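J.: My questions are about this predicted structure, shown below with the sequence.
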Amino acid sequence: MLFHQKIFAVMASILIMIIVVELVRRRKLREEYSWLWLLTGVIIILLVVWYDPLVFLTHLIGAIAPTTTLFIFGLLFLMLISLHYSIQISKLSRQVKEMAQQLTLLKGQVDGQDDF
Amino acid sequence: MSTGVKERRKEKILVLIPAFNEAEQIASVIEEVKREIPEAQVVVVNDGSTDQTEQKALDSGAKVLSHPFNMGYGVALQTGYKYALKYGFDYVLQMDGDGQHDPRYLRILLNKVKEGKADVVIGSRFLGEGGYPIPFLRRMGMRLFGFIAGWLSGQKITDPTSGYQGLGRRAVEFCARDSFPGDYPDADVLVMLHRAGLQTQETPVGMHPNLKGRSMHSGAKPLYYAYKMILTIALNLIRKE
């Protein structure tokens, strides 16, 4: 890996980590979601300073250039995160539905829509 | 819930009308329903309408439950089921608020569901009484999913998309559960009901074409509808509950 590339990768991951910590500090991001992003930053830095695992992984999956490995795993990671969010959204939709139905029934009760 | 009541009481009947922007039709629908089944309680579930639906329904003497925002036909139905359970209704008759379903058949649905042979009685527009011509592709889709649902539930189903139904208490309890689909309760629900051990039965009803020419199954939706039906029916078959 070229020195330039290393500098860029380290800077990018430090920037991500700073943003994440700052978002948690401002309570815009909940703690439970922050660890994943911090972990991403740490992994990028690890790969920069310790290149061998990446080369090993590249051979393992049959890729030629280590950059390909990075792209593949980056893409996979993003897909899994999207899937995770889809699950969260489904869960939230269900909860919103339940809540709105309960609210509707309670409001009906308050407005006398249950008096037969 | 008043399940512990021992003495013989009068059976409570709920006519459930989910409505989304039906201000033009809703009053006349409610009036006709009241004429047909005066002993029933009419409840309109106003699914976040932006017009006068709520006020018109209240003025016509119906009870109105208003969703804070639009959540879809299935969710509106389910809110009604939950209401029926909460206040101990024995039978739920559901019909659309747009005047498509002729209230004259409510009594037939009620009597059929009271007979107790079926938990859900479905008003079918293809069993003789007829009504109006339906576009070819839609008709084919209805046939196909009716056939699949019928094949999987071991009975003839001619009109799987019909929202004109009568439900007994067991069916209402089942449909108030979380597994009830929010967008298009349809052939998939029929398969679900069958797998839960509930009986369905069809009875002929007359329907009018939708006057506004607006349908839940319009635009690009039929494709999604077909996909969803196949997926939910298939998943219902492999899902253990």
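T.: Now that the structure is in, tell me what you want to look at. Keep in mind the model is a prediction, meaning the values are calculated, not measured.
J.: Around chain B, pick out the residues from chain A.
T.: Those residues of chain A that sit near chain B, judged by Cβ under 8 Å from any Cβ of the partner chain, are A:94, A:97-98, A:100-101, A:103-105, A:107-108, A:113-114, A:116. (Each C-beta comes from the backbone N, C-alpha and C, glycine too.)
J.: ok, and the closest non-adjacent residue to the spatially most central residue of chain B?
T.: For chain B, the residue nearest the mean C-alpha position is residue B:163 (3.6 Å; Cα atoms, centre = their mean). Spatial nearest neighbour of residue B:163, excluding adjacent residues (Cβ to Cβ, 6 or more residues apart in numbering or on different chains): residue B:96 at 5.5 Å.
J.: Under the pLDDT cut-off, which ranges of chain A? List them.
T.: Low-confidence segments of chain A, defined by pLDDT under 70: A:1.
J.: Going by residue numbers, what spans are helices in it?
T.: A:3-25, A:31-49, A:52-61, A:66-110 (DSSP state H).
J.: a markdown table for these, including mean neighbour count and distance to residue B:9?
T.: Below are the helices of chain A laid out as a markdown table (neighbours: other Cβ atoms under 10 Å in any protein chain shown; distance: least, Cβ to Cβ, whole Å):
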| stretch | mean neighbour count | distance to residue B:9 |
| --- | --- | --- |
| helix A:3-25 | 13 | 58 |
| helix A:31-49 | 14 | 50 |
| helix A:52-61 | 12 | 70 |
| helix A:66-110 | 13 | 21 |
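J.: quick one, helices of chain B?
T.: B:23-36, B:53-59, B:73-86, B:106-115, B:136-153, B:169-175, B:187-195, B:221-238.
J.: Using a markdown table, lay out those together with mean pLDDT.
T.: Shown next, in a markdown table, are the helices of chain B (pLDDT from 0 to 100):
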| stretch | mean pLDDT |
| --- | --- |
| helix B:23-36 | 94 |
| helix B:53-59 | 95 |
| helix B:73-86 | 95 |
| helix B:106-115 | 94 |
| helix B:136-153 | 78 |
| helix B:169-175 | 94 |
| helix B:187-195 | 83 |
| helix B:221-238 | 79 |
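J.: circling back: which two from the residues of chain A next to chain B end up farthest apart in space?
T.: Greatest spatial distance in the residues of chain A next to chain B: A:94 and A:116, 30.6 Å, computed using Cβ to Cβ.
J.: what sits against the residue nearest the centre of chain A?
T.: Nearest to the mean C-alpha position of chain A, counting by Cα atoms, centre = their mean, stands residue A:81 at 5.0 Å. Contact analysis of residue A:81 by Cβ atoms under 8 Å, 6 or more residues apart in numbering or on different chains lists residue A:36.
J.: What of residue B:43?
T.: When contacts are taken as Cβ under 8 Å, 6+ apart, residue B:43 is in contact with A:113, B:14, B:15, B:16, B:17, B:62, B:63, B:64, B:65, B:80, B:83.
J.: repeat that with 10 Å
T.: A:108, A:113-114, B:14-18, B:57, B:62-65, B:79-80, B:83-84, B:87, B:89, B:92, B:94 (Cβ atoms under 10 Å, 6 or more residues apart in numbering or on different chains).
J.: now the helices of chain B as JSON lines including mean neighbour count and distance to residue A:50?
T.: Compiled in JSON lines, the helices of chain B are given as follows (neighbours: other Cβ under 10 Å; distance: least, Cβ to Cβ, whole Å):
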{"stretch": "helix B:23-36", "mean neighbour count": "18", "distance to residue A:50": "68"}
{"stretch": "helix B:53-59", "mean neighbour count": "20", "distance to residue A:50": "65"}
{"stretch": "helix B:73-86", "mean neighbour count": "24", "distance to residue A:50": "53"}
{"stretch": "helix B:106-115", "mean neighbour count": "18", "distance to residue A:50": "71"}
{"stretch": "helix B:136-153", "mean neighbour count": "17", "distance to residue A:50": "57"}
{"stretch": "helix B:169-175", "mean neighbour count": "21", "distance to residue A:50": "58"}
{"stretch": "helix B:187-195", "mean neighbour count": "23", "distance to residue A:50": "52"}
{"stretch": "helix B:221-238", "mean neighbour count": "14", "distance to residue A:50": "45"}
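J.: right, so of those helices, which gets closest to chain A?
T.: Smallest distance to chain A across the helices of chain B (Cβ to the nearest Cβ): 4.8 Å, for helix B:73-86.
J.: and residue A:41, what does it touch?
T.: Per Cβ under 10 Å, 6+ apart, neighbours of residue A:41: A:10, A:12, A:13, A:14, A:15, A:16, A:17, A:18, A:19, A:20, A:21.
J.: Run through the residues that contact the first one.
T.: Going back to what we said before, that points to residue A:10. Applying Cβ under 10 Å, 6+ apart, we find residue A:10 in contact with A:41, A:44, A:45, A:48, A:49.
J.: For the last one, give its distance to residue A:15.
T.: Residue A:49 sits at a distance of 17 Å from residue A:15 (criterion: Cβ to Cβ, to the nearest Å).
J.: ok, now residue B:98?
T.: 56 Å.
J.: neighbours around the closest residue to residue B:40 other than its chain neighbours, how many?
T.: Once flanking residues are discounted, residue B:40 sits nearest to residue B:13: 4.1 Å by Cβ to Cβ, 6+ apart. By other Cβ atoms under 10 Å in any protein chain shown, 21 other residues sit near residue B:13.
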